[in-house]
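J.: give me a model of this one.
(chains A and B)
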Protein chains: 2
Amino acid sequence: MTNRTEPEQVAGNGLLHRRLFLQGGAAAVGAAGLELLTARPAAAAEPPDVPQWMKAPGAGMSGHGERSRHESHVQRTVGSQPGTTGSGGSRTPLEHLEGIITPSALHFERHHAGVPDIDPDRHRLMIHGLVERPLIFDVESLSRYPLVSRIQFLECSGNSGANNAPEPPQQSAGQLHGLVSCSNWTGVPLSILLDDAGVRPEARWLAAEGADAAAMTRSVPLEKAMDDAMIALYQNGERLRPENGYPMRLFLPGWEGNASVKWLRRLKVLAEPIMAKDETSKYTDLLPDGAAMMFTFPMGVKSVITSPSGNATMRGPGLYQVSGIAWSGSGRIRRVEVSADGGRSWAEAALDEPALPKAVARFRAAWRWDGGPAVLQSRAVDETGAVQPTRQALLESRGPQFRYHYHAIQSWRVSPEGEVRNVYA
Amino acid sequence: MTNRTEPEQVAGNGLLHRRLFLQGGAAAVGAAGLELLTARPAAAAEPPDVPQWMKAPGAGMSGHGERSRHESHVQRTVGSQPGTTGSGGSRTPLEHLEGIITPSALHFERHHAGVPDIDPDRHRLMIHGLVERPLIFDVESLSRYPLVSRIQFLECSGNSGANNAPEPPQQSAGQLHGLVSCSNWTGVPLSILLDDAGVRPEARWLAAEGADAAAMTRSVPLEKAMDDAMIALYQNGERLRPENGYPMRLFLPGWEGNASVKWLRRLKVLAEPIMAKDETSKYTDLLPDGAAMMFTFPMGVKSVITSPSGNATMRGPGLYQVSGIAWSGSGRIRRVEVSADGGRSWAEAALDEPALPKAVARFRAAWRWDGGPAVLQSRAVDETGAVQPTRQALLESRGPQFRYHYHAIQSWRVSPEGEVRNVYA
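T.: Prediction:
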């Protein structure tokens, strides 16, 4: 409209004030110039033609629904270890998703010997070791304990590790960073079960073992078990999916996903960590001096722009919404900043409400692309004040053999042709 | 354990203090007597036998996952109008779910001419009528506007109407009250689009029309459209499901579901409501004096206990978790109280964090059932101070021909045999 003013530019190369995305911001519309954000819709005096699907009744109701056949291209990216079918992972297609909940069918996977086909009536969880009373639970007895429900992320510590490579892999946001998902998890606080078993004074660790063919085993500090750990039974309202540990898994909020052992069958209370194969040859990092760094459980503060992102093509200069996700293993996301000039200047992004502790937060910024070269970045800050590092700073602090817990700023270069590519900037 | 004390009883017939379910409550375990809450697990010195599914690698990763075959009994309850396949509804199986998010495959349905099979590339939304510039949008042009994401419930105004019958129907919680679901919705604030079109001063209403064979049409006050209404594009992270309006629907937080028109194709800005068939013969209520009550949009404050609930059987006296959901079209749930003696005394329940505005909240209470007769009830209070009414009070205030917006307290009677039944108490 002619009576509108331009949105205020708050950082270099076209980044605009976040107020457009804040609650009530849309109401302050007179001065916002919002129409510039849109692909101009065609004007017409008459309603659109009546489409064929309005001319006959549609499909009936169903007991369990399916997504539209027009969305079947939205898939996890699967990768298996050579010679196996069930050892590997699949990645959430972040660039196709919005909001903060990951559909359970698209939650990332990381398995060490495939997905076991467990009969829930025959599954048992044992708590033993340094306890007064060893206990065995089935699904039904667990379900009678007090439950708690929270929205929290889960991230594999190997997520984003491809950016350790000397040359930036030309992949999508999901292929690079899709070993993170966020769900509404419901389960029994582990502290209640441990108290019921009676933990002995000398206990400091638990060994958690899964009922898969790898008997995936990790050591978990007792302190975390007594804090916010749960035995999860439900994911996004329904029972856990098989890929996520059906019928029960350990869930350690904010910690590397591998420690949240799936198909959980055993918790052995110990004085020392068990030093399982899954935490010695894997899930540890060699330091420059040759020592191994172990038990780096909390996931760092992190963010990634999912739109626009790797391998996308922009449709010409104009105003765009820059959107992505941010998370931290240490608590709530306090702030996300966005840059369009490779980190020289930053604009604060808007966060959708609510920004929950140890959950994915959704951020949004408005960007006017002038058609010139640009490098888009996002930088998250959590409630402890931790700031997401640059790639250079992260690699310098870790040395060449580091592999896990990559959480550096992602850079997407936009070419004058509108092609979006992964770059190290 | 012998050194534990009994949990404190805070209301009649065995209701205990909610502190067992509060954050940190599990840590204050010494005095909680929590073991009484559980089915006693069997003690054993050795781990459980190694099950067959640990003896060979499991299934590989997949692009789009499925739930366990052992969960296929969890289904929506489908009901069609006689002589049709697509006119009717299906109800969320509330008694099988936990947390606050409803899996999209189990979100309730209510259709008037079935689910249209819409090609998203050919779908259009028109905004016209009392506007400066009629506009037509496709999915792609809409997606360039600022988006917003929120967790909010949707409830059909006909939900729970079966309890208007003279005799209480013997149905499950989902069959009685399952026309409510809760999702993470993402879309474009409608106020932005209306501003872009330029609403004329005399405008007061919108007519919203769906692209189904019924051309489902409802009148929506302009004030709501400019407040928190959105054109929803995503549900629980992915694109809307076909049953929920793929590729776009109107979403009016807290209002009767029917007004959140699915498969939205047209918004006509008007000075008066359009008085569509869908809001005259249906979705209005006859008052005792013969006048029709129209446009009763906000959903009342409401709750229902989902565990234990209708048609369940208790496994003998002992301590139980009483759990359910509460919601209000007017904002946040402030408090839920639970009674085990048919409303003579009440204990405050614990609420899972976060309790979000116009979203489902999950409540929990601890109850020691002594094996005698009991009537379980829940009563929600929202942040405006509105209190969920008794059935008797609701029916007295409305007269005999009222049909929609039933939101009275649900009573479940527990017999000495442990059978749970719907009663009017």
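J.: now the stretch 51-200 of chain A, which segments are flagged as low pLDDT?
T.: Filtered on pLDDT under 70, the stretch 51-200 of chain A yields no residues whatsoever.
J.: next, the buried residues of the helix or strand containing residue A:364.
T.: Assigned by DSSP states H and E, residue A:364 belongs to strand A:361-369. Neighbour-count burial for strand A:361-369, counted by 16 or more other C-beta atoms under 10 Å in any protein chain shown, picks out A:361, A:362, A:363, A:364, A:365, A:366, A:367, A:368, A:369. All C-beta atoms are positioned from the backbone trio N, CA, C, and that covers glycine.
J.: ok, now how distant is the fifth one from residue A:124?
T.: Summarising the geometry, the distance separating residue A:365 from residue A:124, computed by C-beta to C-beta, to the nearest Å, is 50 Å.
J.: if we can go back for a sec, any part of the strand holding residue A:364 near chain B?
T.: Yes. Contact of strand A:361-369 with chain B (C-beta under 8 Å from any C-beta of the partner chain) involves A:362, A:364, A:366.
J.: ok, stretch A:225-232 next?
T.: Yes. On the criterion C-beta under 8 Å from any C-beta, stretch A:225-232 is in touch with chain B at residue A:226.
J.: residue A:184 belongs to a strand?
T.: Yes. Assessed by DSSP: H, G, I helix; E, B strand; the rest coil, residue A:184 belongs to a strand.
J.: residue A:150 is in contact with that one, correct?
T.: Yes. Assessed by C-beta atoms under 8 Å, residue A:184 is found in contact with residue A:150 at 7.4 Å.
J.: burial count for the closest residue to residue A:72 other than its chain neighbours?
T.: Counting by C-beta to C-beta, 6 or more residues apart in numbering or on different chains, residue A:72 lies nearest to residue B:64, which is 7.8 Å off, once chain neighbours are set aside. When neighbours are counted by other C-beta atoms under 10 Å in any protein chain shown, residue B:64 registers 15.
J.: again with residue A:104
T.: Neighbours of residue A:104 using other C-beta under 10 Å come to 27.
J.: for residue A:288, see how far away it is.
T.: Taken as C-beta to C-beta, the span from residue A:104 to residue A:288 is 41 Å.
J.: same check, this time on residue A:343
T.: Residue A:343 sits 26 Å away from residue A:288, going by C-beta to C-beta.
J.: and these two? Which one has more around it.
T.: Per other C-beta under 10 Å, whichever of residue A:343 and residue A:288 has more neighbours is residue A:343, with 15 against 10.
J.: quick one: contacts for the more buried one?
T.: A:375, A:377, A:379, A:390, A:409, A:411, A:425 (C-beta atoms under 8 Å, 6 or more residues apart in numbering or on different chains).
J.: before we move on, back to that, okay, residue A:184 and residue A:150: which has more neighbours?
T.: residue A:184 (28 against 23).
J.: name the nearest residue to residue A:220, ignoring sequence neighbours.
T.: The shortest distance from residue A:220 to any non-neighbouring residue, by C-beta to C-beta, 6+ apart, is to residue A:206 (4.7 Å).
J.: turn the buried residues of strand A:361-369 into a markdown table, columns for pLDDT.
T.: Shown next, in a markdown table, are the buried residues of strand A:361-369 (pLDDT from 0 to 100):
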| residue | pLDDT |
| --- | --- |
| A:361 | 98 |
| A:362 | 98 |
| A:363 | 97 |
| A:364 | 96 |
| A:365 | 95 |
| A:366 | 92 |
| A:367 | 94 |
| A:368 | 93 |
| A:369 | 94 |
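J.: now, which of those sits nearest chain B?
T.: Chain B has its nearest neighbour among the buried residues of strand A:361-369 in residue A:362, at 5.4 Å by C-beta to the nearest C-beta.
J.: contacting residues for the residue of the stretch 251-400 of chain A found nearest chain B?
T.: Closest approach between the stretch 251-400 of chain A and chain B, counting by C-beta to the nearest C-beta: residue A:352, at 4.6 Å. Residue A:352 is in contact with A:99, A:100, A:361, A:362, A:363, A:364, B:148, B:149, B:150, counting by C-beta under 8 Å, 6+ apart.
J.: the fifth one pairs with what?
T.: Meaning residue A:363. Beta-bridge pairing of residue A:363 under DSSP bridges involves residue A:324, residue A:351.
J.: hmm, residue A:327 and it touching each other?
T.: No. Residue A:363 is beyond contact range of residue A:327, at 10.8 Å (criterion: C-beta under 8 Å).
J.: list residues touching both of these two?
T.: Joint contacts of residue A:363 and residue A:327 (C-beta under 8 Å, 6+ apart) are A:303, A:333.
J.: got phi/psi on residue A:396?
T.: Here the main-chain torsion angles of residue A:396 (degrees, to the nearest 10) amount to phi -60, psi -30.
J.: look up the closest residue to the spatially most central residue of chain A, ignoring the ones flanking it.
T.: Centroid-nearest residue in chain A: residue A:180, 2.8 Å away (criterion: C-alpha atoms, centre = their mean). Excluding the flanking residues, the one nearest residue A:180 by C-beta to C-beta, 6+ apart is residue A:155, at 4.0 Å.
J.: isn't the one you found right up against residue A:178?
T.: No. Residue A:155 lies out of contact with residue A:178 (C-beta under 8 Å); the separation is 10.0 Å.
J.: tell me where the stretch 1-150 of chain A has helices.
T.: All helices of the stretch 1-150 of chain A, identified by DSSP state H, counting those that start in this stretch, fall at A:139-143.
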